[in-house]
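1. just the structure for this:
(one chain, ligands or ions: 1)
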Amino acid sequence: MKIAVTGAAGQISYALIPLLLERFKFPIELFLIDLEDKVSQLRGLEMEIHDFCFPHLKKIQSGCDERALFKEVDVAIFLGAKPRGPGMERGDLITTNAATFYRQGKILAEVANPLVKAIVVGNPANTNALMLIRGGEYKLKNQIQALMRLDQNRAKSALDLADDQRKEVYVFGNHSPTIFVHDTTQEVNDFVRKRGADIIKARGVSSQASAAKAIVDHLEDWFHKDERHYSAAIYSEKNPYGVDEDLVFSFPFSNKKGILKLPLSQEEKQMLLITEDEMKKERQIACTILFSN
Ligand SMILES: NC(=O)c1ccc[n+]([C@@H]2O[C@H](COP(=O)([O-])OP(=O)(O)OC[C@H]3O[C@@H](n4cnc5c(N)ncnc54)[C@H](O)[C@@H]3O)[C@@H](O)[C@H]2O)c1
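-> A predicted model of the protein is given here:
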């Protein structure tokens with residue numbers, strides 16, 4: 001299986017690649033992509049990966065030529081995104097990344113395996129995933145998801161602490177503070193919404209090991225031969241919740257049947273509208289830049 005990773009010189013990638021190779025034991029070829037000024041870090045990472053001595057790792061190639069490195073890939077993991085810098089508005093973050101993901105979506109649709117599955121992690125993940133879909137002229141709309149599994153895992157850990165042992169935990173909406181957990185308390189929602197910021201405050205950097213673990217969990221469920229249920233941000237066309245049909249929105253998802261329909265309380269319906277509204281605004285900002293030139 002050919003797997004491409006963008007933002008491969010970054011911190012999540014450093015935690016992700018050993019986990020990925022530990023979890024998936026079939027023959028793998030890795031294509032590591034980052035910006036031109038990160039080529040030396042990519043070479044160093046390549047050397048370390050060789051030193052893992054995984055017999056099922058068949059090839060590694062790295063660089064910044066997206067067209068060459070996405071060629072015929074079966075899986076693409078999008079970690080690469082410009083972070084929010086000092087003085088940068090959220091709108092600037094959205095527009096810069098929108099242009100990148102739109103361009104990458106076009107290339108992916110042109111050169112990857114037509115059955116490629118892609119997961120977007122770089123923030124704002126949901127809107128970046130939508131731009132990836134739009135860049136590829138919607139050809140890959142049902143093959144692109146954004147990572148919500150970290151939020152799901154955070155919710156599960158909060159519920160475990162509250163002694164709620166339910167097996168299936170779902171999050172709805174945007175990977176942002178408007179997200180909500182299905183069928184839970186205000187405390188659990190607050191925990192999930194603040195967790196990322198709490199980790200940044202404590203560590204000085206954003207979640208990396210837990211994000212890497214969540215990516216591997218997500219991929220394992222998505223590709224599993226048996227039916228698996230998890231939270232995934234997917235293209236919202238024909239969703240049963242009445243959400244705008246051109247977003248990448250987190251729903252309860254079955255890898256075999258698609259979106260799962262669960263009953264929502266009145267309060268949850270209100271929260272759904274708030275997170276949907278935020279995503280519509282992000283889409284508008286992203287599109288303003290793309291279609292103003
Ligand atoms: N969705 C989630 O649940 C979740 C969780 C944690 C982090 N994140 C996001 O994941 C992303 C990666 O996090 P990190 O800690 O690895 O960040 P990082 O800054 O360590 O690494 C990001 C890497 O992306 C590269 N990059 C930037 N633009 C690129 C482009 N156009 N093409 C290829 N590479 C590019 C950078 O050079 C850098 O090496 C961030 O956007 C972060 O906010 C998302």
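
2. next up, the contacts around Y14.
-> L45, Q208 (CB atoms under 8 Å, 6 or more residues apart in numbering). For the C-beta atoms, the positions are set from N, CA and C on the backbone; glycine is no exception.

3. secondary structure class for it?
-> helix (DSSP: H, G, I helix; E, B strand; the rest coil).

4. for it, give its distance to I259.
-> Look at Y14 and I259: by CB to CB, to the nearest Å, they are 33 Å apart.

5. over to Q145?
-> Taking CB to CB, one finds Q145 at 12 Å from I259.

6. what residues does the protein put near the ligand?
-> Selection of the chain residues close to the ligand by CB under 6 Å from any ligand atom yields 6-7, 9-13, 33-35, 38, 79-83, 100, 121-123, 125, 147, 150, 175, 206-208, 211.

7. so which of these sit within helices?
-> The members of the residues of the chain next to the ligand that map onto helices under DSSP state H are Q11, I12, S13, T100, A125, L150, A211.

8. give me the domain ranges for this protein.
-> 2-146, 149-289 (automatic domain parsing).

9. pLDDT of the shortest one, averaged?
-> It refers to domain 149-289. Regarding domain 149-289, the rounded mean pLDDT is 95.

10. which residue ranges of the stretch 51-200 of the chain form helices?
-> In the stretch 51-200 of the chain, the segments counted as helices under DSSP state H, counting those that start in this stretch are 66-69, 90-111, 125-135, 149-161, 186-203.

11. which residues touch L57?
-> So L57 contacts L21, I28, E29, L30, I49 (CB under 8 Å, 6+ apart).

12. L20 belongs to a helix?
-> Yes - the assignment for L20 (three-state DSSP) places it in a helix.

13. I12 is in contact with that one, correct?
-> No - L20 is beyond contact range of I12, at 11.2 Å (criterion: CB atoms under 8 Å).

14. looking at those two now, which is surrounded by more residues?
-> Legend: neighbour count by other CB atoms under 10 Å for L20 and I12, higher for I12 (25 against 20).

15. correct me, but that one touches L79?
-> Yes - assessed by CB under 8 Å, I12 is found in contact with L79 at 5.1 Å.

16. spit out the residues that contact the two alike.
-> Joint contacts of I12 and L79 (CB under 8 Å, 6+ apart) are V121.

17. buried set for stretch 240-258?
-> Y241, V243, D246, L247, V248, F249, S250, F251, P252, F253, N255 (16 or more other CB atoms under 10 Å).

18. same list, those residues, but as TSV with distance to Q186 and secondary structure please.
-> Shown next, in TSV, are these (distance: CB to CB, whole Å; DSSP: H, G, I helix; E, B strand; the rest coil):
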residue	distance to Q186	secondary structure
Y241	21	coil
V243	22	coil
D246	31	coil
L247	25	coil
V248	26	strand
F249	22	strand
S250	19	strand
F251	22	strand
P252	20	strand
F253	25	strand
N255	31	coil
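
19. ok, so of the residues you listed, who is nearest the ligand?
-> Distance to the ligand, by CB to the nearest ligand atom, is smallest for S250 among the buried residues of stretch 240-258, at 10.4 Å.

20. quick check: that closest one touching I179?
-> Yes - taking contacts as CB under 8 Å, S250 lies within contact range of I179: 7.1 Å.

21. shared neighbours of these two, which are they?
-> M148, D151, V171, F172, G173.

22. what sits against the last one?
-> Right, the one you point to is G173. Counting by CB under 8 Å, 6+ apart, G173 has contacts I179, F180, F249, S250, M271, L272, T275, E276, E278, M279.

23. compare these and tell me which has the most neighbours.
-> Top of these by neighbour count (other CB under 10 Å): S250, with 30 neighbours.

24. in this structure, what residue lies closest to the ligand?
-> G10 (2.0 Å).

25. any idea how many residues pack against that residue?
-> Neighbour number of G10 under other CB under 10 Å is 21.

26. that one contacts L79, doesn't it?
-> Yes - contact criterion CB under 8 Å: G10 and L79 qualify, at 5.9 Å.
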